[in-house]
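J.: Got a predicted model here, sequence first, then my questions.
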Amino acid sequence: MNAFVQSRGTSRTQGRLLTAVIAAIVLVLLGAPLVILFITSLRPPTALPLDPGVSLDNFGAIFSSPRMFQVLVNTAIYGGGALVLSLSLGATIAFLVERTDIPFRSAIYTAMLVSLAVPTMLKAFGWVLLLSPGLGWINHLLRSGLDLEGPNGPLNIYTMPAMIFVTGIGLSNNAFLMLSPVFRQMNPEFEEAAQTAGSRRLTVLRKITLPLLLPGILSALIYFGMVLVQVMETALAIGVPGGIRVLSVHIYLLTKAEDGLPMYGLAAAFGVVLLLLALLLMLLYFWLTRQQDRFSVVTGKSFRPRQLKLGLWKYIALGFVMLVIVSYALPIFILMWASLVKVYQPPSFEALSQISLQSYFRTLTNPQVRQSAVNTLILVVIAPTVSVLIAFCASWFSVKRKMRWVEVFAMTPMGIPNVVLALAVFLTYVMTPIHGSIWVLIMAHIVAHLPFTTRVLSAALLQQHKELEEAARVTGATTVRAVRTVTLPLLFPALLNGWLWAFSATLRDFTFAIFLMTGRNMILPSAMWVLWNVPDISGTAALGTLYMCGFFFVTMAARYFDKRQRKKAGWEDL
């Protein structure tokens with residue numbers, strides 16, 4: 001009995017200590033950067049975070065300067081246009097795959113999924129090589145086919161419509177994956193009942209179908225709205241050379257002394273505005289979907305989704321979908337082509353004689369690329385691992401000890417755009433010894449990945465009954481030992497899935513890599529950006545091709561390992 005009481009006392013002491021540790025870690029990683037961001041926004045425009053002075057001039061400049069106003073207008077046009085295009089394409093293809101008899105539905109779904117493996121920045125590089133006024137392959141074909149004079153055009157990638165097109169196409173696969181379950185789970189009995197009552201198809205669409213799709217559409221609308229106000233890759237690769245600035249890129253350039261001194265205060269003020277906008281979009285979604293029962297279409301009664309017979313139109317629909325899929329493949333093809341020629345030139349039969357692997361050998365022997373590969377390896381190992389560890393601690397305290405505030409705090413970064421988080425981290429450590437090191441990137445990624453990994457582990461922990469750990473403690477085990485020997489083995493699949501997601505997100509990210517880049521902490525994405533600006537098109541393409549292949553094979557190997565572990569645990573067959 002005394003041993004049991006002593007065990008319980010030790011467990012409580014360890015619990016308090018772990019609570020204090022996790023709270024301190026989350027506060028340092030997230031709380032400090034946000035506080036520094038707000039403080040800097042109230043400093044004079046060129047001041048550092050710890051400099052004296054309080055001023056609202058930064059916020060005044062945002063809304064009074066014609067240049068700043070133009071940035072906000074550009075952001076609205078760019079975000080709105082790309083939002084409409086991506087959701088229109090994604091929703092249309094999701095409807096065709098889930099609710100019609102279009103051929104090759106499984107192959108279409110696979111193609112949409114595989115296209116996600118290409119990072120956004122590499123897609124932008126590919127479209128530049130396709131539509132650049134001088135070097136663009138599509139422009140080269142148009143000039144030859146239409147017998148146009150002059151070395152440039154007729155298309156120009158460095159325009160607002162082109163930015164909207166590239167971004168909209170690039171995000172349409174994400175919109176497809178988000179909206180597919182919405183169409184798949186919609187009970188057709190509601191539409192059939194309305195048609196039986198004599199309602200016309202247009203009336204059914206307006207009064208039944210669209211209202212039932214409202215939560216999914218709103219979720220996608222607001223999610224991609226948040227993504228588009230912070231997306232930086234396409235706007236940086238295409239917008240800046242064309243003289244088009246949007247909010248995310250403007251924040252980045254303000255910290256790089258492009259126009260003289262770095263404008264940290266003004267950048268922080270823009271960051272605060274962007275953060276408030278993202279939080280407003282989240283609150284708007286919660287308000288619009290507050291009456292959840294109005295949108296419930298899946299009940300205890302089974303149903304089979306009804307497929308709409310398209311007749312001969314299904315071949316036209318298939319052609320449309322194939323056109324979109326080709327638009328995913330073209331940037332990848334042109335990058336692979338560019339990696340095989342020493343000096344970039346558009347694809348042609350004459351250029352086939354110049355194909356070689358020289359760009360690959362030259363890039364792999366580049367000392368900067370080698371160091372970037374080492375830094376990338378450190379980042380993709382440490383950041384996901386620490387993120388999952390902190391997420392587990394936060395989830396365990398939230399679920400097992402009912403300390404919900406810990407999980408709430410870990411979920412806070414969900415509403416913070418990556419460009420704002422990168423700025424906040426930059427301002428926090430700019431005057432410290434770790435500024436410019438790989439550890440700044442690691443901390444930024446840890447914070448960014450916390451919401452998703454915490455949500456995954458919280459859901460898994462909720463499925464474990466408390467009596468499992470209690471049984472271990474009754475036998476004299478401490479809390480730490482009970483967690484190590486009971487909870488963690490049962491939680492392994494969820495831990496692995498969370499780690500794999502964080503690993504994938506770390507590899508795909510270019511925002512942190514470019515925003516926080518210095519000569520000491522370059523990783524492969526930032527190395528690609530440097531090579532692109534040299535310009536070394538063939539070297540960038542070679543490194544990008546290797547990066548995409550490595551990302552694909554590592555992900556497949558990790559998934560295979562995950563399936564083997566699930567089989568050993570009795571979860572599923574291979």
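T.: Alright, I've got the coordinates.

J.: which stretches of the stretch 351-500 of the chain aren't confidently modelled?
T.: Residues of the stretch 351-500 of the chain that meet the criterion pLDDT under 70 lie in 399-412, 414-415, 459, 462-488, 490.

J.: Can you show me the helices along it?
T.: With DSSP state H, counting those that start in this stretch, the ranges of helices along the stretch 351-500 of the chain come out as 358-364, 367-400, 404-411, 418-429, 438-462, 467-474, 479-482, 488-508.

J.: M178 should be in a strand, yeah?
T.: No - using DSSP: H, G, I helix; E, B strand; the rest coil, the assignment for M178 is helix, not a strand.

J.: what's the pLDDT at W137?
T.: Reported pLDDT at W137 in the predicted model: 92.

J.: still on that earlier bit, could the helices of the stretch 351-500 of the chain go into a markdown table alongside mean neighbour count and distance to G126?
T.: Just so you know, the C-beta spots here come from the backbone N, C-alpha and C atoms, and that holds for glycine as well. As requested, the helices of the stretch 351-500 of the chain are exported to a markdown table (neighbours: other C-beta atoms under 10 Å; distance: least, C-beta to C-beta, whole Å):
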| stretch | mean neighbour count | distance to G126 |
| --- | --- | --- |
| helix 358-364 | 18 | 16 |
| helix 367-400 | 20 | 20 |
| helix 404-411 | 18 | 35 |
| helix 418-429 | 25 | 22 |
| helix 438-462 | 22 | 25 |
| helix 467-474 | 14 | 51 |
| helix 479-482 | 18 | 50 |
| helix 488-508 | 19 | 15 |
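
J.: Quick check: which of those is nearest to L34?
T.: Comparing the helices of the stretch 351-500 of the chain against L34 with C-beta to C-beta, the closest turns out to be helix 418-429 (5.8 Å).

J.: For the closest one, output the C-alpha coordinates as CSV.
T.: In CSV, the C-alpha atoms belonging to helix 418-429 read as follows (Å, rounded to 0.1, in the frame of the first residue of the first chain):
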residue,chain,number,x,y,z
ASN,A,418,3.6,30.6,-42.6
VAL,A,419,4.9,33.9,-44.0
VAL,A,420,3.9,35.7,-40.7
LEU,A,421,5.3,32.9,-38.6
ALA,A,422,8.6,33.1,-40.6
LEU,A,423,8.7,36.9,-40.0
ALA,A,424,8.0,36.4,-36.3
VAL,A,425,10.7,33.8,-35.9
PHE,A,426,13.1,36.0,-37.9
LEU,A,427,12.5,39.1,-35.7
THR,A,428,12.8,37.0,-32.5
TYR,A,429,16.2,35.6,-33.3
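
J.: Show residues contacting that helix.
T.: The contact list for helix 418-429 (C-beta atoms under 8 Å, 6 or more residues apart in numbering) reads 32-34, 36-37, 40, 49, 230, 232, 248, 251-252, 255, 264, 267-268, 271, 274-275, 278, 413, 416, 435, 440, 443-444, 447-448, 509, 511-512, 515-516.

J.: got it, and stretch 76-89?
T.: Contact partners of stretch 76-89, identified using C-beta under 8 Å, 6+ apart, comprise 160-161, 163-165, 167-172, 174-176, 179, 217, 220-221, 224-225, 228-229, 235, 239, 244, 246, 324.

J.: in it, what counts as buried?
T.: Using 16 or more other C-beta atoms under 10 Å as the test for burial, stretch 76-89 gives 77-79, 81-83, 85-87, 89.

J.: who touches the residue nearest to F551 when sequence neighbours are not counted in this structure?
T.: Using C-beta to C-beta, 6 or more residues apart in numbering and skipping the chain neighbours, the partner closest in space to F551 is L507 (5.3 Å). Applying C-beta under 8 Å, 6+ apart, one finds that L507 lies in contact with 119, 376, 380, 547, 551, 554.

J.: Would you quantify the distance from L507 to W501?
T.: Taking C-beta to C-beta, to the nearest Å as the measure, L507 falls 11 Å from W501.

J.: Quick check: pLDDT value at the closest residue to Q371 other than its chain neighbours.
T.: Spatial nearest neighbour of Q371, chain neighbours left out: M522 (6.8 Å); criterion: C-beta to C-beta, 6+ apart. Taken from the predicted model, the pLDDT recorded for M522 is 92.

J.: and M522, which of the three is it?
T.: Going by three-state DSSP, the state assigned to M522 is coil.

J.: In terms of helices and strands, where is G550?
T.: Element membership of G550 [criterion: DSSP states H and E] is helix 537-568.

J.: which parts of stretch 318-328 are buried?
T.: 318, 321, 324-325, 327-328.

J.: what does it contact?
T.: 89, 92-93, 96, 102-104, 108, 111-112, 115, 118, 169, 172-173.

J.: Which of the contacts of stretch 76-89 are buried, as a PyMOL select command?
T.: Buried members of those can be picked out in PyMOL with the line below, counting by 16+ other C-beta under 10 Å:
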select buried, resi 160+163+164+165+167+168+169+170+171+172+174+175+176+179+220+221+224+225+228+229+235+239+244+246+324
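
J.: quick one: pLDDT of the residue nearest to F551?
T.: 85.

J.: For A117, see how far away it is.
T.: Look at L507 and A117: by C-beta to C-beta, they are 10 Å apart.

J.: who touches G498 in this structure?
T.: G498 makes contact with 387-388, 391, 452-453, 456-457 under the criterion C-beta under 8 Å, 6+ apart.

J.: again, 7 Å this time
T.: For G498, the residues meeting the contact criterion (C-beta atoms under 7 Å, 6 or more residues apart in numbering) are 388, 391, 453, 456-457.

J.: Show me the two of these that sit farthest apart.
T.: Within these, V388 and V456 form the most distant pair, 8.9 Å apart (C-beta to C-beta).

J.: hmm, back to that, adding pLDDT, write the buried residues of stretch 76-89 out as CSV.
T.: Conversion of the buried residues of stretch 76-89 to CSV gives the following (pLDDT from 0 to 100):
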residue, pLDDT
I77, 93
Y78, 93
G79, 90
G81, 93
A82, 93
L83, 92
L85, 94
S86, 92
L87, 90
L89, 92
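
J.: does G265 count as helix, strand or coil?
T.: On the three-state scheme (three-state DSSP), G265 is labelled helix.
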